[in-house]
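Chemist: could you work out the structure for the sequence below:
(one chain, ligands or ions: 1)
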Amino acid sequence: MQEQVKRTIVVTGGSRGIGRAICLSFAGPDTEIYFNYFPEDLEAAETIKLVEAQGGTAKGYCVNVISESDVNAFFDTIIEETGRIDVLINNAGITRDGLLVRMKEQDWDMVLNINLKGVFLCTKVVAKTMMKQRSGTIINMSSVVGVTGNGGQANYVASKAGLIGFTKTVAKELAPRGITVNAIAPGFIESDMTAVLPEKAREAMLSQIALGRPGQPEDIAGVAKFLASEAAAYITGQVIHVSGGMYM
Ligand code: NAP
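Modeler: Predicted coordinates:
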C-alpha cells in the first residue's frame, strides 16, 4: 500500500493561547506540525507534549517573526525536513495598548513589526514553496477590531486592518497557483493576551458579545482547521469573523 504524504502545518506563535489550540486541532498521525514563538520558551514544551499525546508530532523553535534571516532559516529547516508546506497560519501577535496621544513610537513600531511585517516575511518565503507545489493554504489572524476600530489600540487595529488588505491582495496574487489565503477575525477570546485586561475593559467587551460569553482558543482553531480543509477549497480572500456576534 502507498504511504500517505503527511501534511506540513506551520503555526507562528504556537506556544500558547490560540496558536497552541490550532496546533492541537491539526495534531495527528497525518500531519507534521512546526511552530515558533518568541521570546519565551516556557510554554513550547507543553504544546509539543499535548500534540504528541494526540499521536502527532510537533517541533517548536524560538524564532522572532520580525527577523528576515531567522524566519528564512526556520522555513529552510522545515523544507529540508519535510520537502513541503501545506498550511501556514500567521498567528503570532502582540498588543501594546494606549491612547493615541500617549502612544510611544516604539510601541507603534513593535506592534506593526510583529503583527504585520512578520506576516509579510513569513508569507513571502512560504508563497515561493507553495507556488512550486501549486497548492497550499495561508490563514492570517486578524481581529474584529481591525474592522470596527477600538479606542486605545491604534497600533494594534492598524496592524489587524492592514492584515485584511494584505490577505485580499495575496489571495489574488496566489489564486492562479491554487493557493487560498484567508483571514480569521476573532472577537474576545480567553488567552494570556486578554487576561491582562482591566475588569472594566473586560466587562465592556463582554457586553458587546451577542452570544453573551467570551470565546475559547478552540473556537478559533476549529475555523482554522476548516479553512485548511478540502471543504473550504473554494474560499479565498475572505475575512471570517469568529466573535460570538460581537460584529455582524
Ligand atoms: P497570546 O496568548 O499572547 O500568544 C501570542 C503568541 O505569539 C505566543 O506564542 C508568543 O510567543 C508569540 N509571539 C509573540 N511575539 C512574537 C514574535 N515576535 N515572534 C514569534 N512569535 C511571537 O495571544 P493569543 O490571544 O493566543 O493571540 C493569538 C493571535 O490572535 C494574535 O495575533 C492576536 O492578535 C489574535 N487575536 C487574539 C484575540 C484574543 O481575544 N485573544 C482577539 C483577536 C485576535 P511567546 O510564548 O514566546 O511569548
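Chemist: name the residues of the chain found near the ligand, please.
Modeler: Residues of the chain lying close to the ligand (Cβ under 6 Å from any ligand atom) are 12-13, 15-19, 36-40, 43, 64-66, 91-94, 114, 141, 143, 186, 188-189, 191-194. In short, each C-beta sits where N, CA and C put it, glycine included.
Chemist: so where does Phe35 fall, helix or strand?
Modeler: Using DSSP states H and E, Phe35 maps to strand 31-37.
Chemist: parallel or antiparallel, list what pairs with that strand.
Modeler: With DSSP bridges as the test, strand 31-37 is paired with strand 7-11 (parallel), strand 57-62 (parallel).
Chemist: for Leu206, which of those is the nearest?
Modeler: Proximity to Leu206 (Cβ to Cβ) singles out strand 7-11 among the strands paired with strand 31-37, at 27.5 Å.
Chemist: which of the residues in stretch 146-154 are buried?
Modeler: By 16 or more other Cβ atoms under 10 Å, the buried positions in stretch 146-154 come out as 146-147, 150, 152-154.
Chemist: CSV for those residues, including secondary structure and pLDDT?
Modeler: Compiled in CSV, the buried residues of stretch 146-154 are given as follows (DSSP: H, G, I helix; E, B strand; the rest coil; pLDDT from 0 to 100):
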residue, secondary structure, pLDDT
Gly146, helix, 98
Val147, helix, 98
Asn150, coil, 95
Gly152, coil, 95
Gln153, strand, 97
Ala154, helix, 98
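Chemist: quick one: the helices in the chain, in order.
Modeler: With DSSP state H, the ranges of helices along the chain come out as 17-26, 44-53, 68-82, 105-112, 118-133, 145-148, 154-174, 192-195, 199-207, 217-227.
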